[in-house]
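Q: dropping a prediction and its sequence here:
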Amino acid sequence: MAAAEISRDFSATVAKVEPEARKLIAQYPEGCARSALLPILHAFQNVEGWLSPEAIERAAEWVGVPVSVVESTASFYTLFHRRPVGRYMLQPCRNLSCIINGAGEIMAHLRGRLEVGHNQTTPDGLFSYEEAECLAACDRAPCMQVNLQFYYDLTKEKIDAMLQAMRDGSFEVPPLPQNAVPGPDWHVAPEGAKKSTGAQGVPSPDDPGGLGDASGRKMIERLTADAAPIDARPTHERLIADGAALLGAPSPNGSAH
Ligand code: FES
């Protein structure tokens, strides 16, 4: 993919976002403008590729809340990027259903291919990588989001084809705008923060619990050591077969239950 020029003009961003923001705010009764906050933050991110401090301040001013309220809202969601990120934000799920269905291998493959770790960006600014918690797509595990679009039933081959398409500019999801050069580590520095820093600094980022907590891994070991072997079929196929068994109908592979 040809490197796009990186430049930033916040007044041009405001000119694009403000009409939409005013329309959003007008949908709510007087005094309830803060209800429009999330779509306004999305609108800023759609234009700039991330949520800059200026965007956060402007959104706070428009909806009439303190900047700290907007900061705390933006920091709650993995949907918002509070530092410049790569043109493709890859967020594989590292939660239980995905881990049972092979997410550990998928994440290790992604980290190897990109040569970055959790919350990092490749030196060419093309990819940022963040291991996310449950994306609510457990029935199609392992899954990930690419610029917030869902990809399901991942395999290493699928990942390789996706990365290649992103590199040569033919991937179906458009790249994020990029008006600032991303640093190697895009995560908001946790200085003074009381919140968990996720898997940062954990010797093995494969530990599902992060922060060096082995409880998630122990739970999976217990599950996999159970008498019933793990069924390797994708979860949605298992659900169809289980549903057919419950109803006494022949399963899709033809066997009656
Ligand atoms: S555990 Fe991965 S989507 Fe729920």
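A: Alright, I've got the coordinates.
Q: show me where the stretch 101-250 of the chain has strands.
A: 120-121, 127-129, 144-146, 149-151 (DSSP state E, counting those that start in this stretch).
Q: which strands and helices sit next to the third one?
A: Pointing back at strand 144-146 there. Secondary-structure packing of strand 144-146 (3 or more CB pairs under 8 Å, 6 or more residues apart in numbering; DSSP states H and E): strand 88-92, strand 149-151. Yep, even glycine has a C-beta here, placed from its N, CA and C like the rest.
Q: mind redoing it with 7 Å?
A: strand 88-92 (3 or more CB pairs under 7 Å, 6 or more residues apart in numbering; DSSP states H and E).
Q: what's the burial count for Y77?
A: 11 (other CB atoms under 10 Å).
Q: cool, R222 as well?
A: 9.
Q: now do it against P39, distance only.
A: 43 Å (CB to CB, to the nearest Å).
Q: can you pull the residues of the stretch 51-200 of the chain lying near the ligand?
A: By the rule CB under 6 Å from any ligand atom, the part of the stretch 51-200 of the chain lying against the ligand is C93, N95, L96, S97, C98, C134, L135, A136, A137, C138, A141, C143.
Q: for the buried ones among these, write the corresponding PyMOL selection.
A: Buried members of those, defined by 16 or more other CB atoms under 10 Å, are picked up in PyMOL with:
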select buried, resi 93+95+96+97+98+135+137+138+141+143
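Q: need the residues of the stretch 51-200 of the chain next to the ligand in CSV with pLDDT, can you?
A: Shown next, in CSV, are those (pLDDT from 0 to 100):
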residue, pLDDT
C93, 93
N95, 89
L96, 89
S97, 91
C98, 93
C134, 91
L135, 93
A136, 91
A137, 92
C138, 92
A141, 93
C143, 96
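Q: okay, and which of the residues of the stretch 51-200 of the chain next to the ligand map to helices?
A: Of those, the ones assigned to helices by DSSP state H are L96, S97, C98.
Q: could you measure from the last one over to P29?
A: Shown here: C98 relative to P29, a distance of 41 Å by CB to CB.
Q: then S68?
A: 24 Å.
Q: more neighbours, these two?
A: S68 (10 against 7).
Q: which residues touch that one?
A: Residues near S68 by CB atoms under 7 Å, 6 or more residues apart in numbering: none.
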